[in-house]
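*Asks:* just the structure for this:
(one chain, ligands or ions: 1)
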Amino acid sequence: MTAGGQHCCIFLIFDYNTVNMRATKAIINLTSLRNNIREIKKLLKAPTKLCISVKANAYGHGAVECAKVAVEEGADFLAVATPEEGVQLRNAGINIPIIMLSLCDPQEVETVVKNDITPFVFDEEYMQYFAKACQNEGKTGYHVHIAVDTGMGRIGVRPTEAGKLASAIEKTGTLHVGGIGTHFALSDDTAETSKSYTKTQFTLFLEAVKAVKDAGIEPGICHCSNSAATLDCPEMHLDMVRPGIIVYGYYADKIDETYLAKKNVSVHLEPVMTLQTKVCSIRSFSKGQSVGYGRTWIAPEDTDIAVLPIGYGDGMLRRFSTKGVSVFIHGKRYPIRGRICMDQCMVDIGKNNADVHRWDDVIIFGSEKNGVRQSAEDIARLTDTISYEITTGITSRVQRVFQN
Ligand SMILES: *Cc1c(COP(=O)(O)O)cnc(C)c1O
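*Replies:* Down below sits the predicted model:
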């Protein structure tokens with residue numbers, strides 16, 4: 001009984017959420033986050049508001065902490081994808097407007113309304129759920145934004161239908177059009193055809209705004225620019241911009257620092273997250289011995305293998321090993337050997353490497369500022385994806401450690 005009780009106590013004390021024990025962690029540099037927000041603000045002209053996207057746990061960086069910094073740095077709005085994400089911010093005491101960019105289940109509408117989260121509405125049926133919930137809650141003048149589909153092919157009312165929807169919103173007696181927005185499909189590309197597609201989307205959006213005005217309704221805050229358009233299309237900023245990825249230090253695909261410099265736009269972003277682990281074991285291998293599941297790698301000569309406690313269960317995806325992703329120890333690059341496991345992976349440090357010791361730090365990706373030579377963008381390029389998917393893919397098992 002006593003032993004059992006003690007065991008229970010120890011378990012409670014070493015709560016994984018409060019004690020930072022594991023070698024594998026994501027360091028979140030809040031100074032870099034502040035820098036990025038300030039760099040973005042420099043691009044905006046006076047009345048343009050800033051809505052910072054903190055959906056998907058702030059692209060993997062920790063929603064509450066990042067949102068708090070965003071508020072301190074003067075964000076006017078925060079953007080989430082789900083009601084739960086909005087509630088998490090409200091429970092953390094954040095009281096600036098929160099827009100929900102994605103759609104929710106009718107069962108979640110009451111939660112949305114109770115927490116003063118602004119939904120993007122795009123048809124009358126969906127809109128009615130919010131009208132009803134406001135009635136039940138005794139709320140009037142509840143702000144909703146109209147989502148317009150100008151060519152993203154996702155949620156949104158057709159531009160020509162926007163006026164009709166705006167009228168229906170005002171007729172509910174409980175809801176009010178607080179804004180209108182659209183989302184670009186190709187603004188992160190620099191090809192002429194892509195640029196002209198974005199322009200077409202923008203024109204259609206302005207037509208939708210006009211349709212709302214023609215229906216005798218003030219459209220409120222007009223917004224359409226994601227990160228790429230925030231950087232590349234100042235004429236499309238309108239009343240508010242909604243950047244996400246650039247806040248976390250990554251350029252929006254082709255709209256990178258080199259491209260912007262050519263346009264005389266100077267914006268310096270710093271990756272906010274550093275994913276790191278430690279060498280937890282160094283083992284010598286003889287020529288012919290294999291590493292990992294499937295025996296996909298067999299030592300061609302005698303070497304030493306460092307075992308790292310990070311795997312696809314942490315977001316270090318299995319396909320990284322076959323696409324040339326490496327890791328860094330004291331600034332030097334080492335290749336991953338064999339298949340990445342769920343909880344561990346193995347890297348080749350060469351025979352008797354005097355630079356590498358057990359418990360040394362290993363960097364998977366991070367900011368150049370800290371001497372790291374591999375970013376989430378580099379990994380994304382090697383593995384045919386975008387930086388968003390790499391940082392968002394770091395799982396909840398990896399503790400976020402916030403640094404100022
Ligand atoms: C995610 C999202 C954004 C932010 O996109 P970034 O490319 O990260 O800037 C803006 N608007 C909508 C509707 C989104 O879904």
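
*Asks:* residue 122: neighbour count?
*Replies:* Close neighbours of residue 122, defined as other CB atoms under 10 Å, add up to 23. Backbone N, C-alpha and C define where each C-beta goes, glycine included.

*Asks:* list the contacts of it.
*Replies:* Going by CB atoms under 8 Å, 6 or more residues apart in numbering, residue 122 touches 103, 146-149, 155-157, 165.

*Asks:* can you tell me which of those residues are in strands?
*Replies:* Assigned to strands by DSSP state E, the following of the contacts of residue 122 qualify: 146-148.

*Asks:* ok now stretch 43-58, how far from the chain's centre?
*Replies:* Chain-centre distance of stretch 43-58: 13 Å, with CA atoms, centre = their mean, to the nearest Å.

*Asks:* can you give me the buried ones in that stretch?
*Replies:* For stretch 43-58, the buried set under the neighbour-count rule, 16 or more other CB atoms under 10 Å, comprises 43-44, 48-58.

*Asks:* as a whole number, average confidence for it?
*Replies:* Mean pLDDT, stretch 43-58: 97.

*Asks:* which of the contacts of residue 122 lies closest to residue 216?
*Replies:* The closest of the contacts of residue 122 to residue 216 turns out to be residue 165 (CB to CB; 13.6 Å).

*Asks:* around that closest one, how many other residues sit close by?
*Replies:* Neighbours of residue 165 under the rule other CB under 10 Å: 27.

*Asks:* nearest spatial neighbour of it, skipping sequence neighbours?
*Replies:* Take residue 165 and drop its neighbours on the chain: the residue closest to it by CB to CB, 6 or more residues apart in numbering is residue 157, 5.0 Å away.

*Asks:* can you check residue 27 too?
*Replies:* Nearest residue to residue 27 in three dimensions, chain neighbours excluded: residue 274, at 4.3 Å (CB to CB, 6+ apart).

*Asks:* packing partners of the helix or strand hosting residue 169?
*Replies:* Residue 169 is part of helix 162-171, with elements assigned from DSSP states H and E. Contact partners of helix 162-171 among helices and strands, from 3 or more CB pairs under 8 Å, 6 or more residues apart in numbering; DSSP states H and E: helix 124-137, strand 142-148, strand 175-182, helix 192-214.

*Asks:* so the last one versus strand 142-148, what angle?
*Replies:* It stands for helix 192-214. Compare the direction of helix 192-214 with that of strand 142-148 by axes from the mean of the first three to the mean of the last three CA atoms, to 10 degrees and you get 140 degrees.

*Asks:* could you dump helix 192-214 to CSV, C-alpha only?
*Replies:* The C-alpha trace of helix 192-214 is given here as CSV (Å, rounded to 0.1, in the frame of the first residue of the first chain):
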residue,chain,number,x,y,z
GLU,A,192,2.7,35.3,-64.6
THR,A,193,-0.2,33.0,-65.0
SER,A,194,-0.4,32.6,-61.2
LYS,A,195,-0.1,36.4,-60.6
SER,A,196,-3.0,36.9,-63.1
TYR,A,197,-5.1,34.2,-61.3
THR,A,198,-4.6,36.1,-58.0
LYS,A,199,-5.6,39.4,-59.7
THR,A,200,-8.8,37.7,-61.1
GLN,A,201,-9.6,36.4,-57.6
PHE,A,202,-9.0,39.9,-56.2
THR,A,203,-11.3,41.5,-58.9
LEU,A,204,-14.0,39.0,-58.1
PHE,A,205,-13.7,39.7,-54.4
LEU,A,206,-14.1,43.5,-55.0
GLU,A,207,-17.2,42.6,-57.0
ALA,A,208,-18.6,40.6,-54.1
VAL,A,209,-17.9,43.6,-51.8
LYS,A,210,-19.8,45.8,-54.2
ALA,A,211,-22.7,43.4,-54.3
VAL,A,212,-23.0,43.6,-50.5
LYS,A,213,-22.9,47.4,-50.7
ASP,A,214,-25.5,47.4,-53.5
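
*Asks:* please identify the buried residues of it?
*Replies:* By neighbour count on 16+ other CB under 10 Å, the buried set for helix 192-214 is 194, 197-198, 201-202, 204-206, 208-209, 211-212.

*Asks:* which helix or strand lies directly C-terminal to it?
*Replies:* strand 221-225.

*Asks:* any idea how far the helix holding residue 169 is from the middle of the chain?
*Replies:* 32 Å.

*Asks:* burial count for the closest residue to the ligand within the chain?
*Replies:* Relative to the ligand, the nearest point of the chain is residue 244 (2.5 Å; CB to the nearest ligand atom). Close neighbours of residue 244, defined as other CB under 10 Å, add up to 22.

*Asks:* who's the closest residue to it other than its chain neighbours bridged to?
*Replies:* Closest residue to residue 244 apart from its sequence neighbours, by CB to CB, 6+ apart: residue 53 at 3.3 Å. Counting by DSSP bridges, residue 53 is bridged to residue 79.

*Asks:* residue 53 touches residue 100, doesn't it?
*Replies:* No. If you go by CB atoms under 8 Å, residue 53 and residue 100 don't touch, sitting 11.3 Å apart.
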